[in-house]
Every structure is written in structure tokens, then in C-alpha cells.
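Enquirer: Please find the sequence and the predicted model below.
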Amino acid sequence: MNKCDQCIVRQLTSLQALNKEEVIKLANSKTTYKIKKGEAIFEEGEVTNGVFCVKDGVGKLSKLSANGKDQIVKLVKSGELLGQRSMISNEPANLTAKAVADMEVCFIPKSEIIGFFNTNNQFSMKLMQTVCEDLKESENDKIALVQKTVKQRLAETLLYLHDFFGENEDKTLKVQLTREELAGIIGTATESCIRLLSDFNKLGVIELIGKKIVLKDVKTLKKIAD
């Protein structure tokens, strides 16, 4: 069997519903790209004409706000698909996808995905479920933005980075975001984010090592987040 059958993206997404023949067809149609840190996979307003499988690395989905600031909507890692909603709705991408760390992604043409969608009921159902889950996650993020303080959102984001992306051998967070990117996730000014990180450092719940962050007191961070 080809490499697509063993790929983490197939194991964790709607692609798991594809049969052997469809996986072979998928493997023959995909194109693999190496994306360097800071490079775009696709831009807001671009017609993608397919979906991108994140095979390796970490990326961010963001939207440019009215004041020109980059608002990070979501971080993505290996095992995720990008561009599903805009492909199904037949609309240009409403977000920009960029690499936070070096990435390897595979592009699958829309014609192949729609073909699977029309002939494989299990695949189409799983794909729609994924889109609905993404919409639910987006709604929850909007609610948190309104109901939680900036301090709570920062604590929550640091815990999220730790739990979902892990840490290095020196205990620093594996995903290293700039202060501006962190501010973009929690919806505040960069200066406010820097000030809050300094406050957390003084409290002893985190340790700042240059641009890197170590979570020292997860229990207290969870209390702050709640």
C-alpha cells in the first residue's frame, strides 16, 4: 500500500473513510510541498481549488482585521485538513494559512475530493461533521473572547500550546510564537500581552527564557483560565 494509507492525516480525518482504491487514486493525484516558516500555504481571498493535508509541522489560520492586524483564528498541526469549508461552499478562502514552523503539506485537487464526496457516503458524512466541528470551535472562541478576560484567555492559550503541541527537552513550549502572534490569538494589543506575560513570570506560573516560555505552575494557570 502507498504512503497515503499510513499517513497521520488519513488516520485522523475524514480521509479514513476512503477505501483501498480511493486511497490509491488519492495518492496519484496529490502534490507535496515543503513550506518554510513564515511562508503562506494560501492567502485570504485566494481560490484554493482543493484541500491541504498537514503532514508535518505547525501552521496558523489568521484573518486580517480592519485595523490591519493579524488575528489568529486557529493553530494547526500534523493530521489536519485545511480549506475544506471554502471548497465545499465554492468560495475563496476567508483565512490565510501560514507556517509557524517548517511544514510539509499535501495538496489534493477539488475534483478528487468532490468525486469521493459524491460516491462515498461515509466520507461525505465525516467531511461535513468536520466542517460543523470547526464552526462550533469558532463559535466557542467568539464566546470566550466576549466572556473571558484577556488574562484568562492568555492562561488558556498557554495551556493549549502545552497540551496540544507539547514541550521541548528543556521544558520550553515546543511551538514558539512571537509576542505579536500570542496577542493575535487572545485578541489584545502586543503591549498588553507582554505586560501579562511579565505578570505571570513574577507570579511564578511561567518562566520567560528570552522568547521562549516554560510553564512552571500548570495548576495555577488552570485556575486563572477558569
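Expert: Received, thanks.
Enquirer: what about the most centrally placed residue in the chain, which helix or strand?
Expert: When C-alpha atoms, centre = their mean is applied to the chain, the residue found nearest the centroid is residue 76 (2.0 Å). Assigned by DSSP states H and E, residue 76 belongs to strand 70-77.
Enquirer: tell me which residues of that strand are tucked away?
Expert: Under the neighbour-count criterion of 16 or more other C-beta atoms under 10 Å, strand 70-77 has 72-77 buried. Heads up, the C-betas are built off the backbone N, CA and C, glycines and all.
Enquirer: again with stretch 107-114
Expert: Buried residues in stretch 107-114 (16+ other C-beta under 10 Å): 107-110, 112-113.
Enquirer: Can you pull out the residues in contact with stretch 92-104?
Expert: 32-48, 52, 54-64, 73, 75-76, 82-83, 85-86, 175-177, 181 (C-beta atoms under 8 Å, 6 or more residues apart in numbering).
Enquirer: And for stretch 208-220?
Expert: Contact with stretch 208-220 is made by 158-159, 162, 167, 170-173, 176, 178-179, 197-198, 201, 203-207, 221, as judged by C-beta under 8 Å, 6+ apart.
Enquirer: I figured residue 138 hits residue 73, correct?
Expert: Yes. With contacts counted by C-beta atoms under 8 Å, residue 138 reaches residue 73, the gap being 7.1 Å.
Enquirer: any idea how far residue 79 is from residue 109?
Expert: 21 Å (C-beta to C-beta, to the nearest Å).
Enquirer: Let me fix that, I meant to ask about residue 225.
Expert: According to C-beta to C-beta, residue 225 and residue 109 sit 41 Å apart.
Enquirer: again, but for residue 183
Expert: 37 Å.
Enquirer: List the buried residues for the helix of greatest length in the chain?
Expert: If you go by DSSP state H, the chain has its longest helix at helix 121-147. For helix 121-147, a neighbour-count test (16+ other C-beta under 10 Å) marks 123-124, 126-127, 130-131, 134 as buried.
Enquirer: Tell me which two in those residues are the farthest apart.
Expert: Greatest spatial distance among the buried residues of helix 121-147 (C-beta to C-beta): 123 and 134, at 16.8 Å.
Enquirer: how about residue 60, phi and psi?
Expert: When read as degrees, to the nearest 10, the backbone of residue 60 gives phi -130, psi 140.
Enquirer: same thing with residue 188?
Expert: The phi/psi pair for residue 188 (degrees, to the nearest 10) reads phi -150, psi 180.
Enquirer: count of residues packed around the closest residue to it other than its chain neighbours?
Expert: The shortest distance from residue 188 to any non-neighbouring residue, by C-beta to C-beta, 6 or more residues apart in numbering, is to residue 150 (4.7 Å). The tally of other residues near residue 150 (other C-beta atoms under 10 Å) stands at 17.
Enquirer: what does the model give residue 150 for pLDDT?
Expert: We have a pLDDT of 92 for residue 150.
Enquirer: can you check residue 101 too?
Expert: 90.
Enquirer: roughly how far apart are it and residue 163?
Expert: Distance from residue 101 to residue 163, by C-beta to C-beta: 17 Å.
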